[in-house]
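Peer 1: Any chance you can model this:
(2 chains)
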Amino acid sequence: MTDTSTSSSPRIAASARTPLWRDVVILKWVAQVSLLIVVLSTMWFLANQAGDNLRARNISTGFDFLNRPPDIQLSEGIDTKPATGGRALWVGMVNTMRMAVAGIFFATILGVIVGLARLSDNWLVRRLGSIWVETLRNVPLLVQMIFYFSVLTSLPRLGLVAGPINGWLHISNKGISMPRVFISDGFYQWLIVVLIGAVAAHYIRRHRTRLHDETGAQTAPTLWALGTIALFALVGLFIHPVFSWVGGIFGAIADLLDSLPIIVPQVLLCAVALGAGTRWILRFLSAHRSVRGHLSLSDDDWFRIIFIALASLVVVFVVVRWTGLSSWILNSGRDLFGVMEAKFNVDGAARPFDAMLPDIVQKGKFPNYGKNGLTMSIGFAAVFFGVVFYTSAFIGENVRGGILAVPKGQTEAALAVGLTRGQTLRRVVLPQAFRVILPPTGNQFLNLTKNTSLAIAVGYSDMVQVGTTVFNQTGKTLPVVAIWMLFYLSCSLTLSVIVNWFNVRTQLVER
Amino acid sequence: MSELSSVTGNITIPYTPPPETPKLPPREWVKENLFSSKFNSILTVVSSILLLAIARGLLSFIFNPERQWNATATNLRLLMTQAYPESQYVRIWVCAAILLILTSVSMAIWRTARVVALPDLGRRLLSRGAILALLTLLAPFSGRATLIWLLTAAVVAGVGEGLRRFTNDDQATTTLTLLLVTLSGLVGSLWVVPYGHHSFLMDRTPRVLAEPGTVAMTTKLPWTIMLLIAVAAYFLGGFLRERLPVNATRITVLLLWLMAPPFLLYLVLRDPSFEMGHVFGTDIPIFGVYAVLGSALLLWLSRPSTGEAGRIVAALVLIVGCATFLTPMRMIVRLDMLLLAAFALAAHTFSGGPRAQKRYIFGWLGVLVVMSWMVTAINTPSTVKVPGGFFIGGLSLTLMVAIFTIVISFPLGLALALARTSTMPIFRLLSTWFIEFVRGIPLITILIFFSIMVPLFLPKGMHLSEVTAVVIGYALFSSAYLAENVRGGLQSVDRGQHEAAAAVGMTTAQKTIFIVLPQALRAAIPPLVGHCIGVFKETSLLAIIGLFDILYIARYVMPNQTEFMGSTKENVLFVSAIYWIFTYQMSKASQRLEQRTGLGER
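Peer 2: Residues are numbered from 1 along each chain as shown, chains lettered A, B, ... in the order given. A predicted model of the protein is given here:
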C-alpha cells in the first residue's frame, strides 16, 4: 500500500504526497468499483426489462409448474408418463447421468485402445488408429449423431422373430436389445460380505507385501488381495441372508433423525460455516506472517479475508432464516435411512443377482421390445455411439501424448536394471504417463457430459430435451433454463472435484 | 531445402531436416513393420480383416443403388447459400473472388509451397493406384464399372511408376503445382460431367437433361474465372514479395484479412441501398469533423511531454462522451465520441516520437473509418430477403457465424484473460466467475436461451434478429474458452519479462501491450487455432435451434423434397465430408505453423 510512487512522473515526484488522482491504489479501486457498478446496474436493468416484458405478455415466472401435471410423454427413462413437471425434469436428469456415466466408461476403454494402437510397432494398426482419430475428431459430434441416427432408423423393421441371434441379441429399427444382468433383492446383504472381504484383502495384501520386502520372494500381493475378495464374493452368494439384521441399525438412525429438533442441524451448520471461515482466516494470517511475526497484507489479501468472512456470515444468515433447509436435511436423511432399512428387509431366499433374456411382445399392431432385456433405443444408441466414438478420438490423443511424454531413458533404465517389458510398462511408464494423461482426460469427461445435451437432436429424453418440452407446454422458459444451468454446473463441479482429487494424489510433490 | 528455412518477422529460424532413415527393401519393410513377432502377426491379420470389412461395408453403403446422391448434387446451391436470389448471385461470386485473391496472395507472400521430389510423388501415386484397385475389387460394382475403375487405377499407378523410374531426386515440383493441377481437373470436369443434371419426371425415372439452370451449367463459367483469378493473384503475390518490403506487405495483407468479414457482409451481401444524399449531407461531414479535430487532439495527447493536462483532457472527453447519451442526438456522434475518449485515454500508453505519433493517428483514422461506415451500413435496410428470416443460409451462414463469433470473442477473451490474471480482486473475481460459469454449461442451453429469450431483455422498440442474438451468445461462450487459452499463454511468459519491463519504467498498460501480450499470444497460437476449429465445428448446433445452416438443410429440408424423400443419410454424409475437409485442412495448417515457428519444441 505504500509503494505508490512507482508510476508517478518526475514533475509530481517532487511533491511529498501523491495526489489522489495519481494514487495507483485509489485508481485501481475506482476502476474496479465502477466496473462492478456497471455490471450490477446492467443486470438490474435487464432483469427489470425482462420483468416488464413478461408482465406485458402475461407470462408468470415461478417454479409452481414443478408440482403440476405436465401432460407430456417421454420416449424413455425411469418414468415415461411423469405425474408432475418436476418429476419429468428428474427423469431427464437421470437419463443424462446414465448417458454420461455409460459414455465416460466406454469412451475411456476405447480411447486407451486407440491411443495404444497409434503407438503400436505394427504399421497397419498404427494406420488404423490414426484414421480413426483423424476422421472422428474432425467431424462435428452433432453431424455424427444424426448420421448414426439416420442409419439406425433405416434398419429392418422389428418382427416377432428378430436377428442377428434370435432370443439373445436383437437389432432393428426399434433399437438394440440384449440380455440383462441386474441386482436383485439380496444384493445389499451380499455387499456387506464383499465389504468384509475387502477389509480382509487389505490386511492380507499388507502382510504379503511385508513378506516380499523381508524375504525378496515373489509373493504376488495384488493377486492375493483380489483372490480374497473373489472368495468372499463367492461364499457370500450362499451365506448373505445372515446379514439381514443390519437393516435394524439403519432403522434406528432413521428414528433418531425423525426425533431430532430442527435447531440441531441449524446449530451444526452454523458451527461448520463459522468454524471453516475462522480456520481459513487464521491459517491465511499465519501464512502471511513473517518469522518475526510481522504481518503485511496487500489490498488483495484484505479483500479475500473480508470476502470469506462475509460468505460465512451469509451462510449463517441463510441457515437461521430459512428453516426449510434444515428440516429438508432432516427429512431426507430420515427417508434415506428408511430406504436403506427396507433394502435389508427381504426374505432369505432372495438372490443377489438375476439375469434375463430379451423378449419381444406384441401389444397393439406392431411388435415391440419387452421389459426383460437391456434395450438401447435408437435415440440412446445414436447419442451413445456419437459421444463414445468422438470422445475416444480425443482421449486416444491424450493417451498417446502422455506415453510419448515419458522420456525414453526411463524405459531403457528400467530394462537395464532387469525389469521385464510388462513390469516396465506397469511400474515405470504408465504411472508417469498417467500424471500427464489425467488432466486433459478429465476435461474430456466434462466435455462428454456437456455433449450429451445434443441428444435433443435425435429425440433422446435427456435434460435439455425434457426441459424444452416442458417450457413449450408451460411457457416457463426462465425457470427451466435456470434449472438446466444449475444441473449442468453441479455435474461439472462434481466431475472436476473427482478428477482434481485423483490429480492431487498422482502429481509429484515438488519442493 | 533452403526454401524451407522461412523468414517470420525479423527472426530467421533455421530449419534442420530430420535425419534420413534408410529405406528398407519391401520384403524387409513388411517383416519389420507387420510380422516382427507372433503377437504382431496376429494383430496384422486381425486388423487387415477388420480394415477390409470396414472398407467393404462403406463402399457397399456408398455405391448401393438405393442411395440418392443426386439429392446433394442437385441441391448444391441450397446447401451453399440457401435460397439466395438468383439475380443477386453475382455478389456471392464477388465474395468468393475476394477471398480467393486474399488466400492466393497470402500463400505467395508467406511461401506456403513445399517441395516434393518427383520420385516421391511417383511412389505415392503408385500406392494410391494400388489402394484404388483394391477398393474397386471390394466394391459391389457391375463388371463394366469395375473395368473402368481398374483402368483408372492402372493409369494412376502407371504414371506413378513412370515418375519413379525416369526421374531422379533433383527433379522436383511444389505442392502448389499439384494443387493447381487438381483444381483445374475439377473445374475442367464441370465442363464435361453434368453434375446435378438429373431431373425427375412423373414416372420417377431419372433422365439427364442438358438444359441450363443446373449445378454444372451455372457454375462452370464462374469457377473457371475463379481459378484464373486465383492463379493471377498468386503471381501478383509473388511479384509483391519480390518488389516490396516483406514486413509491410504482410501487415497490409493481415489487415485486409481482418477487414474482409465486415466488408463482405455489409457491402456485398447486404446490398445497402445507400441514400447518397444522407451520406453526403450527414455522415461524411460528421466523419470529417471527428477525423480532423480528433487527430489534432490525439497528436497533442500522444506527445510524451504533455503530462498531467492530457489526462484531464482525456477524462473530460470521456465525460462528454457519456453525457451525449443524456440528450437526443445521432448515435454515430455518441459512438464516435466514446471511441475518441478511448483513444485519448490510451494516448499516454502509446506516446513517443513522431513515428509513434503518426502510427497512432493512422490507427485512429482507420478505426474511425470502419466504425462510421459500419454504422452507416447497419442503418440502411437490406434489399435481400430470403425465407428463413435471414439474408443468407447454408454453408455461407455456417462460415459467417463462425467468423463473426471468433472476431467478436477474441477481444472479449483477451480482456477476460487479463482480468483473470490481474492483481485487482474484483476484476479477477468477476472474470473467474463468468469463465467458470460459462464453461460449466453446454453450448446448446446458451444458444436456446439466446434464440428464445433475448427479445425479453430488450427495451421496447429495439429488435435484434435471431442470428445476431445467437452470434452474441455464441461469442460470449467462446470468449470464456478463449480466455483460458490466452491465460495459458500469459502464464508461460517469464517473470523476468514483467520485471524487466517495470525496471525500464513502463506503465502497467505499456508492459501488458508491448511486452507481455505479444509473447503470450505467440505461445497461445496452437490452442487458439484448436479453439477456432472447435468454434467452426460447433456451428452445427445452429441446426437444433432452427437456423438454416448446412446441417439443417441437409437434415430437414432436403429429405422432405418429393424427389429425394428420406435422403438424410446421404446428405449428412456429404455435410460431414465438407466439415471434415475444412477442419482437417485447418489442423494441418496449424501443425505446419507450429513446425515453422518451432512452437511445439520449446
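
Peer 1: who in the stretch 51-200 of chain A is up against chain B?
Peer 2: With Cβ under 8 Å from any Cβ of the partner chain as the criterion, the stretch 51-200 of chain A comes near chain B at residues A:53-54, A:120-125, A:128, A:134-135, A:138-144, A:146-147, A:150-151, A:154. In this view, the C-beta of every residue, glycine as well, is placed from N, C-alpha and C.

Peer 1: what's the helix or strand for residue B:101?
Peer 2: If you go by DSSP states H and E, residue B:101 is part of helix B:89-110.

Peer 1: Run through the neighbouring helices and strands of the following helix or strand past that helix.
Peer 2: Following helix B:89-110 in sequence order, the next helix or strand is strand B:115-117 (DSSP H and E). Applying 3 or more Cβ pairs under 8 Å, 6 or more residues apart in numbering or on different chains; DSSP states H and E, one finds that strand B:115-117 contacts strand B:172-174.

Peer 1: angle of whatever helix or strand comes next after the strand it packs on against helix B:89-110?
Peer 2: Beyond strand B:172-174 in the direction of the C-terminus, DSSP H and E gives the next helix or strand as helix B:175-192. Put simply, helix B:175-192 runs at 160 degrees to helix B:89-110, going by axes from the mean of the first three to the mean of the last three Cα atoms, to 10 degrees.

Peer 1: Could I get the buried residue list for helix B:175-192?
Peer 2: The neighbour-count check on helix B:175-192 (16 or more other Cβ atoms under 10 Å in any protein chain shown) flags B:176, B:187, B:190 as buried.

Peer 1: Dump the residues you listed into JSON lines; add pLDDT and distance to residue B:153 as well.
Peer 2: JSON lines is the format used below for those (pLDDT from 0 to 100; distance: Cβ to Cβ, whole Å):
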{"residue": "B:176", "pLDDT": "85", "distance to residue B:153": "26"}
{"residue": "B:187", "pLDDT": "89", "distance to residue B:153": "23"}
{"residue": "B:190", "pLDDT": "83", "distance to residue B:153": "24"}
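
Peer 1: returning to what we had before: in terms of secondary structure, what does the helix holding residue B:101 contact?
Peer 2: Where contact means 3+ Cβ pairs under 8 Å, 6+ apart, helix B:89-110 is packed against helix B:215-243, helix B:246-263.

Peer 1: got any ranges where the chain has weak pLDDT?
Peer 2: Going with chain A. For chain A, the stretches with pLDDT under 70 are A:1-16, A:347-349, A:508-511.

Peer 1: um, chain B though
Peer 2: Where chain B drops to pLDDT under 70, the residues are B:1-24, B:196-215, B:266-274, B:378-389, B:597-602.

Peer 1: center of it, which residue is that?
Peer 2: residue B:403 (6.3 Å; Cα atoms, centre = their mean).

Peer 1: Could you check how many residues crowd around residue A:155?
Peer 2: By other Cβ atoms under 10 Å in any protein chain shown, 14 other residues sit near residue A:155.

Peer 1: check which helix or strand covers it.
Peer 2: Following DSSP H and E, there is no helix or strand that holds residue A:155.

Peer 1: can I have stretch A:22-30 written out in PDB, keeping just the CAs?
Peer 2: Output of stretch A:22-30 as PDB, limited to C-alpha atoms (Å, rounded to 0.1, in the frame of the first residue of the first chain):
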ATOM      1  CA  ARG A  22      -2.400   9.700  -9.400                       C
ATOM      2  CA  ASP A  23      -2.600   7.300  -6.500                       C
ATOM      3  CA  VAL A  24      -2.400   3.800  -8.000                       C
ATOM      4  CA  VAL A  25      -4.300   2.200  -5.200                       C
ATOM      5  CA  ILE A  26      -7.200   4.600  -5.400                       C
ATOM      6  CA  LEU A  27      -7.300   4.500  -9.200                       C
ATOM      7  CA  LYS A  28      -7.400   0.700  -9.200                       C
ATOM      8  CA  TRP A  29     -10.200   0.600  -6.700                       C
ATOM      9  CA  VAL A  30     -12.100   3.300  -8.500                       C
END
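
Peer 1: Report the buried residues of it.
Peer 2: Neighbour-count burial for stretch A:22-30 [16+ other Cβ under 10 Å]: A:22-24, A:28-29.

Peer 1: Those: which ones sit near chain B?
Peer 2: residue A:28.

Peer 1: Now do residue B:285: how many residues are near it, please.
Peer 2: Residue B:285 has 10 nearby residues by other Cβ under 10 Å.
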